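Colleague: Fold the following, please.
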Amino acid sequence: DVFQCIFRQEEILSFWKDFTPYFYRIGAHTILSFIFIEQFNIRYQRRICKNETYM
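Modeller: The predicted structure follows:
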């Protein structure tokens, strides 16, 4: 019922009107998290697993 009411009054694009700021905020966080985890894994492999090769 709520979906239909919003769709009739504000059309379909109203469901995505706040998506852009959300995407920029979460997208930046996700990218930085993956970079940090990858760098952490590289340093961990070098320091802890000295005999094993890291891909």
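Colleague: report the longest helix in this structure, please.
Modeller: helix 19-47 (DSSP state H).
Colleague: Buried residues, the helix or strand of the chain with the lowest mean pLDDT. List them.
Modeller: Within the chain, confidence by mean pLDDT, DSSP states H and E is lowest for helix 2-10 among all helices and strands, at a mean of 85. Neighbour-count burial for helix 2-10 flags no residue at all (criterion: 16 or more other Cβ atoms under 10 Å). Glycine gets a C-beta too; all of them are placed from N, C-alpha and C.
Colleague: Show me how far it is from its chain's centre.
Modeller: Remark: helix 2-10 is offset 29 Å from the chain centroid, using Cα atoms, centre = their mean, to the nearest Å.
Colleague: Let me see the mean pLDDT of the longest helix of the chain.
Modeller: For helix 19-47, mean pLDDT rounds to 93.
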